Structures are given as structure tokens and as C-alpha cells.
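Enquirer: mind folding the following:
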Amino acid sequence: MAAADELLGFVSINGAELVKLYVSPQARGSGTARDLLSRAEHLLSEQGVAEAELFCTAGNLRAQRFYAREGWRLSRTFEDALWLPDDAAGRFTVETHCYRKHLGFR
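Expert: Residues are numbered from 1 along each chain as shown. Predicted structure coming up:
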């Protein structure tokens, strides 16, 4: 989503998963996140996905509140490895929440 050549945010999906949802700092609080999330849910539903999922780092309270407000429910919490380039030293894990939402078929 862009306005006047400025990226406000983006969303991506893969299978039944909402993979990325990003909103630029200047667009936060403008409804951009809600619009992007709604668009992703619509696309997933059109593809026949009855229940979608997304993952959020535990402690990201702003995102957690947003997802709950939009009807997503916390399904489970687990330790997940952070993605690192192949040549990075070590392995790091972070507590991660899995949220799920019933979309139904449209």
C-alpha cells in the first residue's frame, strides 16, 4: 500500500498463513494495518482457506492487541528459531505466539 510514492505498508500470505504484515511508523494509527489485514483475510478466504494463522513474537504488545481486536485468537506459544543467514554464528530462539482465525468460505 502506498500513497504519493511513499510505502505505507505491505502484507503477504503463503498457503493458509499470513506471513508478513508491516506498517511504516508514519502510517501507524491510520487504519492501514486494518485495511491490509482485511485484504489478506479476504484473499485467503477466496483461496478456500477456512482457518488462517499468523505468528507474532511474544512481547510485541502492540501487534498482540491489534490481532486480538481483529478477532484473531492465541492458539499456542512456542520457542522458534530466528532466521539467520547461513554464515551467521549461533542459533537464537524467541518465544513466539501462533494466532488463528476462522475465515470460512466466501
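Enquirer: once you drop chain neighbours, what's closest to Glu41?
Expert: Leu103 (5.8 Å; Cβ to Cβ, 6 or more residues apart in numbering). No exception for glycine: its C-beta is placed from N, CA and C like everyone else's.
Enquirer: list the residues that contact that neighbour.
Expert: Taking Cβ atoms under 8 Å, 6 or more residues apart in numbering, we find Leu103 in contact with 41, 44-45, 49-52.
Enquirer: with Glu51 instead?
Expert: 16, 100-103.
Enquirer: dump the residues you listed into JSON lines; add pLDDT, distance to Leu74 and secondary structure as well.
Expert: Shown next, in JSON lines, are the contacts of Glu51 (pLDDT from 0 to 100; distance: Cβ to Cβ, whole Å; DSSP: H, G, I helix; E, B strand; the rest coil):
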{"residue": "Ala16", "pLDDT": "97", "distance to Leu74": "17", "secondary structure": "coil"}
{"residue": "Arg100", "pLDDT": "98", "distance to Leu74": "8", "secondary structure": "strand"}
{"residue": "Lys101", "pLDDT": "98", "distance to Leu74": "11", "secondary structure": "strand"}
{"residue": "His102", "pLDDT": "96", "distance to Leu74": "14", "secondary structure": "strand"}
{"residue": "Leu103", "pLDDT": "95", "distance to Leu74": "17", "secondary structure": "coil"}
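Enquirer: please pick the buried ones from these.
Expert: Using 16 or more other Cβ atoms under 10 Å as the burial test, the contacts of Glu51 include 16, 101, 103 as buried.
Enquirer: let me have those residues in JSON lines, extended by distance to Ala33.
Expert: Compiled in JSON lines, these are given as follows (distance: Cβ to Cβ, whole Å):
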{"residue": "Ala16", "distance to Ala33": "20"}
{"residue": "Lys101", "distance to Ala33": "15"}
{"residue": "Leu103", "distance to Ala33": "18"}
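Enquirer: state the helix or strand in which Cys98 lies.
Expert: Using DSSP states H and E, the secondary-structure element containing Cys98 is strand 93-102.
Enquirer: what ranges of the chain fall below the confidence cut-off?
Expert: Residues of the chain meeting the criterion pLDDT under 70: 1-5, 105-106.
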